[in-house]
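[1] Only the shape, not the letters, is given here:
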């Protein structure tokens with residue numbers, strides 16, 4: 001079953017979006033596997049201390065993206081084959097890269113400085 005032990009709620013975005021991001025990042029990192037069971041809506045709401053409607057909204061959006069399968073009376077599970085995992089990974093990498101570049105540009109960092117900074121932390 002997908003573990004939410006490492007999930008930490010922050011104030012930066014709506015909780016349902018944080019749940020979606022947590023699952024997508026887990027899938028991209030290979031921590032969350034295809035066909036792995038996810039907690040029920042009520043169970044996750046209780047675990048995170050949030051309103052069940054918040055979890056329902058996250059799960060509904062994940063269902064619309066075909067990332068989870070839910071059947072009436074059955075357990076919900078991850079639906080991400082290798083192709084879908086690659087798509088998610090690419091999307092996350094691009095979003096993170098754009099955010100990092102915009103942040104560095106806003107600070108006045110040159111491309112050469114940015115590449116040197118990336119190279120420095122890549123080695124660590």
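    Structure received. It should be emphasised that the depicted structure is a prediction, and the values quoted were computed from it without experimental measurement.
[2] show me what contacts residue 35?
    77-79 (Cβ atoms under 8 Å, 6 or more residues apart in numbering). C-beta coordinates here come from the backbone N, C-alpha and C atoms, glycine included.
[3] Correction: the previous question concerned residue 56.
    Contacts of residue 56 by Cβ under 8 Å, 6+ apart are residue 41.
[4] ok, and the closest non-adjacent residue to the residue nearest to the spatial centre of the chain?
    Nearest to the mean C-alpha position of the chain, counting by Cα atoms, centre = their mean, stands residue 21 at 2.4 Å. Closest residue in space to residue 21, ignoring its immediate chain neighbours: residue 13 at 7.8 Å, by Cβ to Cβ, 6 or more residues apart in numbering.
[5] So that neighbour lies in a strand, does it not?
    No: per DSSP: H, G, I helix; E, B strand; the rest coil, residue 13 lies outside any strand segment and is coil.
[6] re earlier: surely the residue nearest to the centre of the chain forms part of a helix?
    Yes: assigned with three-state DSSP, residue 21 falls within a helix.
[7] Next, the contact list for the nearest residue to residue 50 once chain neighbours are set aside, please.
    Spatial nearest neighbour of residue 50, chain neighbours left out: residue 15 (5.5 Å); criterion: Cβ to Cβ, 6+ apart. Residue 15 sits next to 9, 48, 50, 54, 58 when contact means Cβ under 8 Å, 6+ apart.
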